[in-house]
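# sequence first, then the predicted structure:
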Amino acid sequence: MVNRSQPFAFVRDVATRWDLIAIVVVIGLLTFFAEASRGLFEPLSRLSATPLSLDPRNLPFYAARTTLRMFVALGLSLVFTFTYATWAAKNARAEKLLVPILDILQSVPILGFISVTVVFFMSLAPGRVLGAEFVSIFAIFTSQAWNMAFSFYQSLRTVPYELEEAAASFHLTPWMRFWRLEVPFAMPALLWNTLMSMSGSWFFVVTSESVTVGSTNVALPGIGSYIAVAIQQRSLVAIGWAILTMFIVILLYDQLIFRPLVVWGDRFRIDQEIGSYVPDSWALTMFQRSRLLNGMRVVFNAVMRWTSRRAPRPPRLLLSATSATVRVGRRADFLWFGLLVLVVALALWHIARMLIGETSEHEALQVIGLTSLTMLRVMILIGLASVVWVPIGIWVGLRPRATQIVQPVAQFLAAFPANLLFPIAVLGILTWKLNADVWLSPLMILGTQWYILFNVIAGASAMPTELRYAADNLGIRGWLWWRKVALPGVLPYYVTGAITASGGSWNAAIVAEIASWGDVEVKAHGIGAYIAEATTAGDFHRIILGITVMCLFVVVINRLLWRPLYYFAERRFRLT
């Protein structure tokens, strides 16, 4: 009971201490986004008039601009994930086209997207900084969306049968089924992959904020551009300030956003009993106990219920398909497949007509050889990363306390751009006269290996408790436990992580196969260095040639290796 005679007792009826904290956080976030959006509509010439400075006092503003771009791109990535991945998972005809397109998109390097789209996005806001912001946000989007879409697609394809039967018995509408069954089931893995995508976008922050395509050279205010200037001026002090700023920014949005989401998503694990350890988050406690934020949640739930009532309900009785409907379905499948073949043939013919006339046999063989070298690096690095991180990910995922400790550490390491290691790589290679083809290779896996770790942690965390209890009761230990319980349990998640790590490694080759420190440059032989040099020179013929060959290699590898392994994991180790 509240004593009304106490001074300011009426204040406690209106707001609690959690409301006060929430107000401070919300005002801080609004101020942050307002400051970060300052100058978006200024003339583009203003960027060249006020060049970037290595003064650390500018880093808070730079960090705000970079973080704003990342979260805008993350919002677009979520919209893309919920639409594209759902369409691919629920429509067998569309899946035949959408999944291969996703394979290709994740392998196209960011420089390839920038070089093709820079004119279009700059024309949306001609002569304004906003046009360059569109270019940067789209580049960051391409480093986030594919991983999240693959994760959500994998989850939708592996929803347990008993949950599908429960949804059918309640006659849920497609809209209700999506939000009440499919999204909650996919939530743990999607949250981990969203976190990984956010961290992975830091890896390409230099490329996305410092755009150089031929005569077009734009350096937006941000940590990525700050790092690019620090590398150009060989300032180790500035590199140190950039690392410290990144650490603070990652810590802040981890505590305010991702840690609460991961803790909240723990409720969607497929367990028949509550785990022995429940992770916590002070920010989630604030969100749950704040009356003001609870009022917003009530409004959101009311909107969801309203949309659920408006959605058409499926018929209660489903008639068996007649032979006529089966024939119509087969004809539709035939027409759809024929349309796909026609579209692919026209696209290949257009690319071939553009390239064959201007590409000599020597250059074509050279590009194929360079792509083969990059492919060899990618496969070796993915194999080594799998051997290291799969056992660690399973061990961490089965221990919630360890997960809570490892997450922020891995999140920071995943966000560590390869460019920050250029001084060490360049000086080490030159000092000890090392082979650049070998010693630049680890930079390719530096940011992408965490896709494997995060997905394996998500898979191990999602393993039902009763499955682990059954293994304990049967006395399954040692290698038998790994072979029959642990590895099959995480295999669908591992394959998703390996696919995205493989595509990300191809993408990272653009950054990793050429390392520079001031005027000193070290280059490895590979398709990444080839495309990077062509982009800097503005040679669109070589850019398209390199990207086309890279995409063909990635599609063939995905079709022959990763996709069959994915379907095997989905069919053999689906939770039922």
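Good, I have the coordinates. Residues are numbered from 1 along each chain as shown.
# going forward, measure contacts and count neighbours with C-alpha atoms only.
Noted.
# doesn't Ser516 lie inside a strand?
Yes. Going by DSSP: H, G, I helix; E, B strand; the rest coil, the assignment for Ser516 places it inside a strand.
# residues in contact with it?
Ile231, Phe422, Pro423, Val426, Val522 (CA atoms under 8 Å, 6 or more residues apart in numbering).
# hmm, 10 Å instead?
Applying CA atoms under 10 Å, 6 or more residues apart in numbering to Ser516 gives the contacts Ile231, Gln232, Arg234, Asn419, Phe422, Pro423, Ala425, Val426, Leu427, Val522, Lys523.
# same deal with Gln106?
142-147, 150, 499-507, 551, 554.
# in strands, which of the residues you listed fall?
Among these, no member falls in strands (DSSP state E).
# of those residues, which belong to helices?
With helices defined by DSSP state H, the entries of the contacts of Gln106 inside them are 142, 145-147, 150, 499-507, 551, 554.
# middle-most residue in this protein, spatially?
Ser197 (2.7 Å; CA atoms, centre = their mean).
# wait, doesn't it sit right on Gln144?
Yes. The pair Ser197 / Gln144 is scored as a contact, 4.6 Å apart, by CA atoms under 10 Å.
# anything in contact with each of these two?
Met70, Leu74, Ser77.
# any chance of the residues you listed in a markdown table, plus distance to Gly478?
Output for those, formatted as a markdown table (distance: CA to CA, whole Å):
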| residue | distance to Gly478 |
| --- | --- |
| Met70 | 43 |
| Leu74 | 41 |
| Ser77 | 41 |
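# quick one: which of the residues you listed is nearest to Asn217?
Nearest to Asn217 out of these is Met70 (CA to CA; 21.0 Å).
# gap between that closest one and Phe33?
12 Å (CA to CA, to the nearest Å).
# which stretches in the stretch 101-250 of the chain count as helices?
110-124, 129-142, 145-157, 161-169, 174-177, 183-203, 205-209, 223-232, 236-253 (DSSP state H, counting those that start in this stretch).
# closest to Leu434 among the ones in helices among the contacts of Gln106?
When these are compared against Leu434 (criterion: CA to CA), the nearest one is Ser505, at 22.0 Å.
# and the closest one, what does it touch?
106-107, 109, 374-375, 377-379, 381-382, 441, 443-449, 499, 511-512.
# next one: it from Asp55, what distance?
33 Å.
# likewise Ala219?
Applying CA to CA to Ala219 and Asp55 gives a distance of 16 Å.
# ok, Val25 next?
Counting by CA to CA - Val25 and Asp55 are separated by 28 Å.
# between these two, which is the more surrounded one?
Val25 (15 against 10; other CA atoms under 10 Å).
# what's near enough to touch that one?
Asp19, Thr31, Leu256, Ala283, Met286.
# same list, those, but as TSV with distance to Val206 please.
Shown next, in TSV, are the contacts of Val25 (distance: CA to CA, whole Å):
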residue	distance to Val206
Asp19	38
Thr31	25
Leu256	25
Ala283	31
Met286	35
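# kindly reformat the residues you listed as TSV containing neighbour count.
Converted to TSV, those look like this (neighbours: other CA atoms under 10 Å):
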residue	neighbour count
Asp19	20
Thr31	12
Leu256	15
Ala283	20
Met286	19
